[in-house]
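# Model the structure of this input:
(one chain, ligands or ions: 1)
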Amino acid sequence: MEKKEKKPIGLTTRIFIALLLGAILGVVLHYFAPHNYFFDTVLIDGVFYVVGQGFLRLMQMLVVPLVLCSLICGASAIGDTKTLGKVGVRTVGFYIVTTALAVAVALTVAKIINPGMGMDLNTLETTETGISASQQTSMVDTLLDIIPKNPLESLATGNMLQIIVFAIIVGIILAKLGDRTQTIHNLFQQGNDIMMEMTMMVMSLAPIGVFCLIARTFSGMGFDAFQPLIKYMLAVMLALVVQCLGVYQILLKVFTGLNPIRFIKKFLPVMGFAFSTATSNATIPLSIDTLERKMGVSRRISSFTIPLGATINMDGTSIMQGVAVVFIAQAYGIALTPMDYITVIATATLASIGTAGVPSVGLVTLSMVLTSVGLPIEGIGFIMGIDRILDMSRTAVNITGDAVCTTIVAHQNKALDKTVFAQQND
Ligand code: ASP
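Sure thing, here's the model as predicted:
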């Protein structure tokens, strides 16, 4: 391994400084900058938009080839289907349990805070949701949809779950055929090397990208814009914090014995990145890299569990959905029965599987949860306006959940190097 050249300020710190400066500048622009051609068109919708989106696109560019190559290599390295099956079952088990816990946390917090009490949504104007009943995902289709009809189409459209399924099968076959397919195996391994190098290059631009993304987001939102929704936001945020700093850290400590504070400290840059992009998918390369370099999690495990988690494990999203159900029910004056709450836990867990790791999709799959207990999907229009900041926050929790489960599964499969975790990096 070549040594990283010493820089005066590490990349992690630079990303955080950029995040902070971007937020400050955004708020200042929102409250103090005059609405004129320079600020609105040239700066906010020009420079910030182009640079921010450009960076985001670069990160997204990495995802499909990286997941394909690293997952094929990961699956072929695990080799025998028995171990792979064991890792797979454990991972999916963890993902489902943490999501169900997340919804339970969300419902509890929402029932304590009562975000929709004293509000009547019928009298409030809702914005166009753009989400129709026809867009609701049925549970059966969600499950069936993991099998690709055409793997090339899955790659071209970036359907992660289908890519994962196909890549795992190819990996298993490569391991089975051994020397006979060495050339193809090498091809994917070298592809993997190329994509990791590309990740490093793109990441070096992160401070600039994050600065522009955050500055633009904050410049568009005034704090007073979300007054009636403050309670709803607080409830979502509180539940996210409980899940992230409570549930995950207890699981981590119990199953691996690792120090939760150290874990969070090392993982913060990835969370910051997920926060600024609101995209689990784009976070995959950074997450795999951080888990390997700072936590000692072998790529053999993470190359499989992280893309899978970014695709099917959305604890933060299901927290938003749990709180939104209570909020919308209260605001419409509809009483939910205990059975309804159980239905919400089940459907929100399934919705989490069906939610793609890109911005705002959680709102679309929320319709599936709302209709499962007979709530009007028009309620989504009301919370949509302030969803961006929650989307950012829940994405950070989504990917933390993936990382915690990955670390636990790696520990159970002797693929966790605790000496790396103990080291002080960055
Ligand atoms: N933005 C979320 C993610 O990428 C998905 C969502 O909740 O909309 O993880």
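# and the residue in the chain that the ligand sits nearest to, how many neighbours?
Going by Cβ to the nearest ligand atom, the ligand is nearest to Gly362 of the chain, at 2.7 Å. Every residue, glycine included, has its C-beta placed from N, CA and C. Applying other Cβ atoms under 10 Å, we find 30 other residues in the vicinity of Gly362.
# Check the one 10 residues further on too.
Applying the criterion other Cβ under 10 Å, we find 19 residues in the vicinity of Ser372.
# Please apply the same query to the one 3 residues further on.
Using other Cβ under 10 Å, the number of residues around Leu375 comes to 24.
# So it lies in a helix, does it not?
No - applying DSSP: H, G, I helix; E, B strand; the rest coil, one finds Leu375 to be coil, outside a helix.
# so what's Ala106 up against?
Ala235, Val236, Ala239, Ser318, Ile319, Met320, Gln321, Gly322, Val323 (Cβ atoms under 8 Å, 6 or more residues apart in numbering).
# Show me the two of those that sit farthest apart.
Ala235 and Ser318 (13.9 Å; Cβ to Cβ).
# The residue of the chain closest to the ligand: what's its closest spatial neighbour, skipping adjacent residues?
Spatial nearest neighbour of Gly362, excluding adjacent residues (Cβ to Cβ, 6 or more residues apart in numbering): Thr317 at 3.9 Å.
# From what I see, that neighbour and Ala396 are in contact.
No - applying Cβ atoms under 8 Å, one finds Thr317 not in contact with Ala396, separated by 11.4 Å.
# Of those two, give the one with the bigger neighbour count.
The residue with more neighbours, out of Thr317 and Ala396, is Thr317; 28 against 25, by other Cβ under 10 Å.
# Show me where the stretch 301-426 of the chain has its helices.
315-331, 338-354, 361-372, 379-384, 387-412, 418-422 (DSSP state H, counting those that start in this stretch).
# Need the winner for burial among those helices.
Highest mean neighbour count of the helices of the stretch 301-426 of the chain: helix 315-331, a mean of 29 (counted as mean count of other Cβ atoms under 10 Å).
# how big is the angle separating it from helix 387-412?
Between helix 315-331 and helix 387-412, the angle comes out at 140 degrees (axes from the mean of the first three to the mean of the last three Cα atoms, to 10 degrees).
# near the ligand at all, helix 315-331?
Yes - using Cβ under 6 Å from any ligand atom, helix 315-331 comes into contact with the ligand via Thr317.
# same for that helix, what does it pack against?
Applying 3 or more Cβ pairs under 8 Å, 6 or more residues apart in numbering; DSSP states H and E, we find helix 315-331 packed against helix 81-113, helix 230-241, helix 338-354, helix 361-372, helix 379-384, helix 387-412.
# Is it possible to get TSV of those helices that adds mean pLDDT and distance to Ser204?
Output for the helices and strands packed on helix 315-331, formatted as TSV (pLDDT from 0 to 100; distance: least, Cβ to Cβ, whole Å):
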stretch	mean pLDDT	distance to Ser204
helix 81-113	89	31
helix 230-241	93	30
helix 338-354	84	33
helix 361-372	81	29
helix 379-384	74	35
helix 387-412	94	21
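# could I get those as JSON lines with distance to Ile163?
Below are those laid out as JSON lines (distance: least, Cβ to Cβ, whole Å):
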{"stretch": "helix 81-113", "distance to Ile163": "15"}
{"stretch": "helix 230-241", "distance to Ile163": "28"}
{"stretch": "helix 338-354", "distance to Ile163": "15"}
{"stretch": "helix 361-372", "distance to Ile163": "17"}
{"stretch": "helix 379-384", "distance to Ile163": "29"}
{"stretch": "helix 387-412", "distance to Ile163": "16"}
